[in-house]
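Visitor: pasting a predicted model and its sequence here:
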Amino acid sequence: MIIEFEGEVFLWDARADVAMHLTAVPPELSDDIREIPRPYRGFGSVRVIARVGCSEWKTSVFPDKKTGTYVLPLKKSVRDAENLMDGGPVLVRLEVLDG
């Protein structure tokens, strides 16, 4: 399954000691991912290949209990390479590997 969406970059506020930036998969696309039959993985994560601009990497999306969506971590090297800023837009392509 391949999904594309535009999201907003935001700082994870669950832990003040970790400066992790994320973007949220829209609710309807999160529902589509949730419906894929797959074995349970740690934290309910789902393995993906993510692409933002020219940057591509293997990672996982994680369920966010607060919003009911999946979130994608945006590592610093990707944010730097693609000039992503906190609060700014990000165009994401995800290839779901689990399922």
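Guide: Perfect, thanks for sending it.
Visitor: doesn't I33 lie inside a helix?
Guide: Yes. Counting by DSSP: H, G, I helix; E, B strand; the rest coil, I33 is part of a helix.
Visitor: how near is it to A19?
Guide: Using CB to CB, to the nearest Å, I33 is found at 26 Å from A19. In short, each C-beta sits where N, CA and C put it, glycine included.
Visitor: again with E28
Guide: 29 Å.
Visitor: same thing with L91?
Guide: 23 Å.
Visitor: before we move on, what about M1?
Guide: 31 Å.
Visitor: these two: which has the busier surroundings?
Guide: Remark: of M1 and A19, M1 carries more neighbours, 15 against 10, as counted by other CB atoms under 10 Å.
Visitor: contacts only, for the more buried one.
Guide: 32-33, 36, 95-96, 99 (CB atoms under 8 Å, 6 or more residues apart in numbering).
Visitor: farthest pair within these?
Guide: D32 and E95 (13.3 Å; CB to CB).
Visitor: for the longest strand seen in the chain, which residues meet the burial criterion?
Guide: If you go by DSSP state E, the chain has its longest strand at strand 55-64. Across strand 55-64, burial judged by 16 or more other CB atoms under 10 Å covers 55, 59-64.
Visitor: again with stretch 68-78
Guide: 69-74, 78.
Visitor: now do it: distance from first to last residue.
Guide: 25 Å (CA to CA, to the nearest Å).
Visitor: let me know the average pLDDT across it.
Guide: Per-residue pLDDT values over stretch 68-78 give a mean of 96.
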